[in-house]
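Undergrad: Got a predicted structure plus its sequence, pasted below:
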Amino acid sequence: MIEEFKFGFFRIQGREYYDDIKIVNGRVKQWGDRKRHTLKVSNLKDILESKPELIIIGSGASGLLEVPHEVMEALQQQNIKAVIQKTQQACDSFNSAIAENKKVAAIFHGTC
């Protein structure tokens, strides 16, 4: 569960993370390969391999992360439902999905 999100900061199960993160198979890792404000299919490789039923995409505190059509196509091809929201709302959606025992993965832009 995500306990707290503030601009550039996440607290998850008592640990602190700064900037962008992914949550795949319950593990939190830094999302270090983001360039500019565009999500790429290559950024989702580990998420796609984990075959979640749902992916939550946090588009930043102000919602500036772009999610191109090819990303949505890649998710649709694998029958993965996607929810794209500003990061605060995306954190809440992630927590709700976990509470509902869904197989969920997430990628969060922590700034802009």
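TA: Cool, the structure landed.

Undergrad: Relative to the whole chain's centre, how far out is the top helix by length along the chain?
TA: As assigned by DSSP state H, the longest helix anywhere in the chain is helix 87-99. Taking C-alpha atoms, centre = their mean, to the nearest Å, one finds helix 87-99 lying 10 Å from the centre of the chain it belongs to.

Undergrad: now swap in stretch 59-67 and tell me
TA: How far stretch 59-67 lies from its chain's middle: 11 Å, per C-alpha atoms, centre = their mean.

Undergrad: The helix or strand containing E3 - what's its average pLDDT?
TA: Using DSSP states H and E, E3 maps to strand 2-6. Strand 2-6 shows a mean pLDDT of 98.

Undergrad: Repeat that for stretch 57-67.
TA: The average pLDDT within stretch 57-67 is 96.

Undergrad: Contacts for that stretch, please.
TA: Outside stretch 57-67, the residues that touch it by C-beta atoms under 8 Å, 6 or more residues apart in numbering are 7, 37-39, 82-88, 90-91, 106-112. For the C-beta atoms, the positions are set from N, CA and C on the backbone; glycine is no exception.

Undergrad: Return the set of buried residues in that stretch.
TA: Judged by neighbour count using 16 or more other C-beta atoms under 10 Å, the buried positions of stretch 57-67 are 57-61, 63, 65, 67.

Undergrad: I'd like to know how many residues surround K6.
TA: 11 (other C-beta atoms under 10 Å).
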